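Asks: sequence first, then the predicted structure:
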Amino acid sequence: MVDFFRSNGFKRFIILIGVAVALYLMWSMINLILLTFIITYLMNELSTSVTKRLRRIAPINEKAVIVTLYLLLVAGIVAVIYKYLPVVSQQITQLFNLIAAFNLNPNDNEIARYLAPTFEKIELGKYLEQGVDLTLTNLTNIGKVIMHVFIALILSLFILLEKKRITEFTAKFKDSKIGPLYDELTYFCKIFVRSFGKVIEAQFVIAAVNCVVSVIALYFMGFPHLIALGIMLFILGLIPVAGVIISLIPLSIIAYSIGGLMHIVYILIIVVVLHALEAYFLNPKLMSAKTNLPIFYTFIVILFSEHFLGVWGLIIGIPLFMFLLDILGVTSVPEVDLQKKVTVQDNKEKPID
């Protein structure tokens with residue numbers, strides 16, 4: 001029993017609980033913390049990749065690349081807010097009104113005759129009106145959201161510009177009185193970046209690709225309000241599996257409104273093509289080292305994470321779950337690769353008792 005309490009596994013469990021309690025106490029700052037981490041991670045990956053490519057042509061300072069990328073990002077955000085925010089707000093309102101006005105004419109076809117009573121019971125317009133009211137209410141907090149984004153941008157910029165000094169200064173704690181705690185936190189940080197960070201990066205890339213491809217397809221199908229639909233598809237694309245299913249509802253309603261049942265068939269074909277693109281190309285390329293979760297586990301994790309973490313849970317629920325699986329050593333890699341991974345980990349990390 002004494003050996004169990006002295007084991008590395010028990011110590012790491014206690015430290016993990018302590019980190020969770022600390023984050024809970026800082027819950028009012030969770031938006032800023034998550035935004036800072038996500039922006040820092042994504043911009044670091046982007047700047048590293050761009051710097052490597054540019055150095056093949058000419059020697060260049062990485063800090064200059066970082067500053068340039070941040071200036072372009074801020075300029076893009078300001079331009080979007082100044083030029084497109086009124087357009088997006090108008091399109092979102094029109095999009096809600098279009099979906100709210102949707103109805104099935106029983107005289108159109110046999111399928112509509114059976115579906116019409118169901119949609120009447122759902123009272124879709126009533127729920128969408130509530131959704132519009134909720135959206136308008138949330139728009140009053142847009143200044144707070146923008147402020148969090150810009151603070152996160154500034155913090156992440158300083159982190160990337162001084163990452164070498166930050167690393168050197170933080171390493172001094174290794175020889176301090178909290179050296180053992182530093183070692184364990186370093187262990188968790190490495191796993192967190194390797195699992196949580198990689199999954200978040202993959203989700204953003206997949207969401208962006210799906211958004212662009214979907215908007216192009218919707219343009220040729222004659223869909224209205226493409227900017228608002230693009231934003232909706234990108235945000236929902238950050239939610240694994242469930243986001244695609246949720247997006248089918250408004251897309252199918254708009255498709256039926258502008259082109260009938262054939263347009264719904266086209267939407268289903270587009271979704272199948274995007275799912276195949278994600279499953280057979282993007283996921284293996286971006287997330288080859290991750291555990292392939294069954295859809296049942298994916299939905300369970302999303303439901304629980306949304307319940308406990310709110311909207312953030314829909315986005316970070318799966319990455320957090322992957323982080324926990326990585327700590328527990330739950331993987332689905334081939335046996336040969338797993339043996340190599342265990343050998344490398346034994347050489348670099350302390351074993352978990």
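Replies: Sure thing, it's come through. Numbering: from 1, shown residues only.

Asks: got a pLDDT number for the residue nearest to residue 197 when sequence neighbours are not counted?
Replies: Leaving aside its sequence neighbours, residue 197 sits nearest to residue 41 (CB to CB, 6 or more residues apart in numbering; 4.7 Å). In this view, the C-beta of every residue, glycine as well, is placed from N, C-alpha and C. With respect to pLDDT, residue 41 has a value of 90.

Asks: what helix or strand is residue 41 on?
Replies: According to DSSP states H and E, residue 41 maps onto helix 30-55.

Asks: quick one on the thing from earlier: the residue nearest to residue 197 against residue 192, yeah?
Replies: No - look at residue 41 against residue 192 with CB atoms under 8 Å: they stay out of range, at 10.1 Å.

Asks: common neighbours of these two, please.
Replies: Residues touching both residue 41 and residue 192 (CB atoms under 8 Å, 6 or more residues apart in numbering): there are none.

Asks: what separation do you get for residue 253 and residue 313?
Replies: 26 Å (CB to CB, to the nearest Å).

Asks: picking up where we left off before, helices and strands around the helix holding residue 41, which ones?
Replies: Here helix 30-55 touches helix 62-79, helix 142-161, helix 198-220, helix 311-328, going by 3 or more CB pairs under 8 Å, 6 or more residues apart in numbering; DSSP states H and E.

Asks: can you redo those helices as JSON lines with mean pLDDT and distance to residue 243?
Replies: Formatted as JSON lines, these follow (pLDDT from 0 to 100; distance: least, CB to CB, whole Å):
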{"stretch": "helix 62-79", "mean pLDDT": "88", "distance to residue 243": "23"}
{"stretch": "helix 142-161", "mean pLDDT": "85", "distance to residue 243": "20"}
{"stretch": "helix 198-220", "mean pLDDT": "85", "distance to residue 243": "8"}
{"stretch": "helix 311-328", "mean pLDDT": "82", "distance to residue 243": "8"}
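
Asks: closest one to residue 49 among the ones you listed?
Replies: helix 62-79 (9.8 Å; CB to CB).

Asks: which parts of the closest one are buried?
Replies: 62, 65, 66, 69, 70 (16 or more other CB atoms under 10 Å).

Asks: ok, stretch 245-262 next?
Replies: Buried-residue list, stretch 245-262, by 16+ other CB under 10 Å: 247, 248, 250, 251, 252, 253, 254, 255, 256, 257, 259.

Asks: now secondary structure too, for those, in a markdown table please.
Replies: Below are these laid out as a markdown table (DSSP: H, G, I helix; E, B strand; the rest coil):
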| residue | secondary structure |
| --- | --- |
| 247 | helix |
| 248 | helix |
| 250 | helix |
| 251 | helix |
| 252 | helix |
| 253 | helix |
| 254 | helix |
| 255 | helix |
| 256 | helix |
| 257 | helix |
| 259 | helix |
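
Asks: what's the farthest-apart pair in the residues you listed?
Replies: 247 and 259 (17.5 Å).

Asks: so where is the stretch 101-250 of the chain shaky, pLDDT-wise?
Replies: 101-143, 241 (pLDDT under 70).

Asks: thinking again about what came up before, quick check: the farthest pair among the buried residues of helix 62-79?
Replies: 62 and 70 (12.7 Å).

Asks: that older thread, tell me which of the helices and strands packed on helix 30-55 sits nearest to residue 180.
Replies: Taking the helices and strands packed on helix 30-55 one by one with CB to CB, helix 311-328 is closest: 17.9 Å.

Asks: elements contacting that closest one?
Replies: helix 30-55, helix 179-192, helix 198-220, helix 295-309.

Asks: hmm, who's touching the shortest one?
Replies: Contacts to helix 179-192, defined as CB under 8 Å, 6+ apart, come from residues 11-12, 15-16, 19, 173-174, 176, 323, 326-327, 349-350.

Asks: ok, these vs residue 206, which is closest?
Replies: For these, the nearest to residue 206 is residue 323 (18.5 Å; CB to CB).

Asks: please pick the buried ones from the contacts of helix 179-192.
Replies: 11, 12, 15, 323, 326, 327.

Asks: among the residues you listed, pick out the one closest to residue 300, please.
Replies: Once CB to CB is applied, the member of the buried ones among the contacts of helix 179-192 that ends up nearest residue 300 is residue 323, at 16.5 Å.
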